[in-house]
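Chemist: Next come a sequence and a model predicted from it.
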Amino acid sequence: GAGVSQSPSNKVTEKGKDVELRCDPISGHTALYWYRQSLGQGLEFLIYFQGNSAPDKSGLPSDRFSAERTGGSVSTLTIQRTQQEDSAVYLCASSLDYNQPQHFGDGTRLSIL
Amino acid sequence: GQQVMQIPQYQHVQEGEDFTTYCNSSTTLSNIQWYKQRPGGHPVFLIQLVKSGEVKKQKRLTFQFGEAKKNSSLHITATQTTDVGTYFCAPNNAGNMLTFGGGTRLMVKP
């Protein structure tokens, strides 16, 4: 079956612009995660959705970052007024349920000029 | 909160040598997962350990979960160039968000 799909694969934008990153999880997976990974670095947790529960937003670095998950499926991560330090690969993962193995998408490489 | 330390950060080995990465938690874990990320790729799930003292093998890879469920290790026997990548542990403490260790980047010289 299809894996986790992320779009766009690459995004280049000017500082100060807003960007939207999309994640299509594996069908039937109730848990969805967003991470950020800078070059050569580890995974920085951003936000976690589980079913219809309120999301865990504890990893969002500032109020410029927000995310939603519509209908328990597709998720969008929005970064407002982008800064150069936002440049990174944004990875989405989904899992069947909380605490289950995570399946990652290929990520969106975001470059802020 | 849960503190996770993964060591070493980097490891260069000659092809054929063994390699081990360690993951240490400050709290008792309910389980731990291991992932591998190839250069330019995304993390891929390898295994999950749940029981105290558990040992699991996947070909040349051996995964261990400590008796106290606070640490874990991944050992690769006779490394190959295909083993190159970053290995992440992802400890889980029941009720808390699963977190990823900083990763160990393995480089293999042919």
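Modeler: Arrived safely, thanks for sending.
Chemist: do the helix or strand of chain A with the lowest mean pLDDT and chain B meet at all?
Modeler: Sorting the helices and strands of chain A by mean pLDDT, DSSP states H and E puts strand A:44-50 at the bottom, at a mean of 93. Yes. With Cβ under 8 Å from any Cβ of the partner chain as the criterion, chain B is reached by strand A:44-50 at A:45, A:48. Bear in mind the C-beta positions are built from the backbone N, C-alpha and C, glycine included.
Chemist: Same question for that strand: list its buried residues.
Modeler: Across strand A:44-50, burial judged by 16 or more other Cβ atoms under 10 Å in any protein chain shown covers A:44-50.
Chemist: Can you report phi and psi for B:Cys85?
Modeler: I think there's a mix-up here, since residue B:85 is Gly and not Cys. In terms of degrees, to the nearest 10, the main-chain angles of B:Gly85 are phi 150, psi -170.
Chemist: Find the nearest non-adjacent residue to it, please.
Modeler: B:Arg38 (4.4 Å; Cβ to Cβ, 6 or more residues apart in numbering or on different chains).
Chemist: okay but that neighbour is in contact with B:Thr81, surely?
Modeler: No. Using Cβ atoms under 8 Å, B:Arg38 is not in contact with B:Thr81, being 11.4 Å away.
Chemist: Of those two, which one has the most company?
Modeler: B:Arg38 (13 against 10; other Cβ atoms under 10 Å in any protein chain shown).
Chemist: measure the more buried one to chain A for me?
Modeler: 12 Å (Cβ to the nearest Cβ, to the nearest Å).
Chemist: Show the contacting residues for that residue.
Modeler: B:44, B:84-85 (Cβ atoms under 8 Å, 6 or more residues apart in numbering or on different chains).
Chemist: Most neighbours out of these, which is it?
Modeler: B:Gly85 (21 neighbours).
Chemist: Beta-bridge partners for that residue, please?
Modeler: B:Leu106 (DSSP bridges).
Chemist: what does B:Cys89 give?
Modeler: B:Cys89 forms beta bridges with B:Trp34, as assigned by DSSP bridges.
Chemist: List the contacts of it.
Modeler: B:4, B:6, B:21, B:23, B:32-35, B:72, B:74, B:100-101.
Chemist: Tabulate the residues you listed in CSV, adding columns for pLDDT.
Modeler: Converted to CSV, the contacts of B:Cys89 look like this (pLDDT from 0 to 100):
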residue, pLDDT
B:Val4, 83
B:Gln6, 95
B:Thr21, 98
B:Cys23, 96
B:Ile32, 94
B:Gln33, 95
B:Trp34, 97
B:Tyr35, 97
B:Ser72, 97
B:Leu74, 98
B:Phe100, 87
B:Gly101, 87
